[in-house]
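[1] Sequence below, structure please.
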Amino acid sequence: MALFVRITVAQGVRGTRDFYPEDMRLRNWLFDNFDDAALSHGFEEYDAPILEHEDLYTRKQGEEITQQLYNFQDKGDRKVALRPEMTPSLARMVMSRAGALPMPIKWYSIPQCWRYERTQRGRGREHYQWNVDIWGTSEISADAELISVVVTFFESVGLSSDDLVIRISSRKVLEEVLGSLKVEGDIFTKTCIIVDKMDKLSADVISQQLAELGHDSHAIQTIQNILGIKNMSDLTSALEDESIAVSELNYLFDSIDSYGISEWVEFDASIVRGLAYYTGSVFEAHDREGKFRAICGGGRYDKLLSTLGGKDLPATGFGFGDMVIMELLEEKKLLPELISSTEDVVIPLSPDLRNVAVMVAAALRDTGRTVDLVLEDKKMKWAFKHAERIGADRLVMVMPEEWKSEKVRIKDLHTGEESDVSFEEL
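    Numbering: from 1, shown residues only. Reported below is the predicted structural model:
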């Protein structure tokens, strides 16, 4: 039994991940690229607690996300949950300073999110998600700005439009289609949740689920025909002449063209996004070969605040998880080989010189260098191997004869050159 307990304790909770130093280097590299793409477009970083009131997520019933909460009652009998996504927290923050925030705001964050769901490739029960949002403007140019942020990131990590495509549509396409069929309200929301699974489920299963919602065969056929459209000219022909969806999408594609990134995007009417709060343009990024889940997704959500008891404010944004993109980059062999950032390894070659080595390490750190101080009695051979393993630039040796003149020996590990340097010159 004791052995069983030890094995269990040594394993993390199912669906979660440990980040060893080599993993953290890659994670930090990824997050740095997230940061750079957002900052280059004038976004500011924010954060919020990982623990929120449960009803922040359960006010909107019927969504899959409400069934995936890590929720519990705390010691004050309050119902709380680990955040499954960041947008509701952002909405709460905006509401709490209603009227005081200068609009529009351009904010981003890289929160850890939790969902209790079946673990599978590219999806765990915890993940980090890069969220980038613009609040306070209904201009479609804001949606194009988000697409530009995504493309900037992709290019920064070595991906091209040959690797990826950003598929764009609008919830208003489905609104107009279902409106012509007299479908609205809660049934519209549930229809969006179903059709969002079109790339995961067969046409027969989608048809069956739509029928269970009450759609007749004509409505089901109409929905599937419209959502099968892959270009704007066919969409224009299928919808009414005064279609708001067509007008807004044309404007969005024109704006994207102005950024010079049109090769990254294409129209796809099947992109609807399952969350109920989307109101306008929606998009998802996919690998061209179709091997992975959606890499990121987002869209316009102008009516979210009213579902939380506030006054609506136009908003648009996207979420970008850390798991699928790392799998894609690994397959494309685009992940960098990152080593420790340690520059110097300081080693005393006599037990009597340990405190001297501490002084040497401190002096080097004062100059801004990153220094690993060997804390135990180790041989020179070990020190060389250790310095090589962590990718250090120099080995700084505190040796008995040299220290008599208050000098240390420095070996450049790239060139092999050695020199004796006085302590004062460090």
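
[2] count of neighbours near Glu184?
    12 (other C-beta atoms under 10 Å). Heads up, the C-betas are built off the backbone N, CA and C, glycines and all.

[3] Next, the contact list for it, please.
    Residues in contact with Glu184, defined by C-beta atoms under 8 Å, 6 or more residues apart in numbering, are Leu178.

[4] Please renumber the chain so that the first residue is 10 from this point on.
    With the count now opening at 10, the last piece we talked about shows up as Glu193.

[5] mind showing which ranges of this structure have poor pLDDT?
    10-18, 69-73 (pLDDT under 70).

[6] can you rerun that using 50?
    In the predicted model, the chain carries pLDDT under 50 at residues 10-11, 16.

[7] So which other helices or strands are in contact with the biggest strand by length in it?
    If you go by DSSP state E, the chain has its longest strand at strand 135-144. The contact analysis (3 or more C-beta pairs under 8 Å, 6 or more residues apart in numbering; DSSP states H and E) places strand 135-144 against helix 30-48, helix 96-105, strand 114-118, strand 121-123, helix 150-165, strand 324-330.

[8] Among those, show me which one is buried the most.
    By mean neighbour count, with neighbours taken as mean count of other C-beta atoms under 10 Å, strand 324-330 ranks first of the helices and strands packed on strand 135-144 at a mean of 23.

[9] Export that one to PDB, keeping only CA atoms.
    C-alpha atoms of strand 324-330 as PDB (Å, rounded to 0.1, in the frame of the first residue of the first chain):
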ATOM      1  CA  ALA A 324     -15.900  44.200 -27.700                       C
ATOM      2  CA  THR A 325     -13.900  41.800 -29.800                       C
ATOM      3  CA  GLY A 326     -11.100  39.400 -28.900                       C
ATOM      4  CA  PHE A 327      -9.500  36.000 -29.200                       C
ATOM      5  CA  GLY A 328      -8.100  33.200 -27.100                       C
ATOM      6  CA  PHE A 329      -5.000  31.300 -28.100                       C
ATOM      7  CA  GLY A 330      -4.000  28.200 -26.100                       C
END
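
[10] List of residues touching it?
    With contacts defined as C-beta under 8 Å, 6+ apart, strand 324-330 is touched by 43, 94-96, 99-100, 131-132, 136-145, 151-152, 155, 159, 162, 289-290, 292, 304-311, 313.

[11] Break the chain down into its structural domains.
    30-340, 353-434 (automatic domain parsing).

[12] Using CSV, please lay out the ones you listed together with distance to Gly24.
    Formatted as CSV, those follow (distance: least, C-beta to C-beta, whole Å):
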stretch, distance to Gly24
domain 30-340, 3
domain 353-434, 31
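
[13] and Val22, which of these is closest to it?
    Between Val22 and these, the tightest spacing by C-beta to C-beta is seen for domain 30-340, at 7.7 Å.

[14] start to end distance for the closest one?
    With C-alpha to C-alpha, to the nearest Å as the measure, the first residue of domain 30-340 is 21 Å from its last.
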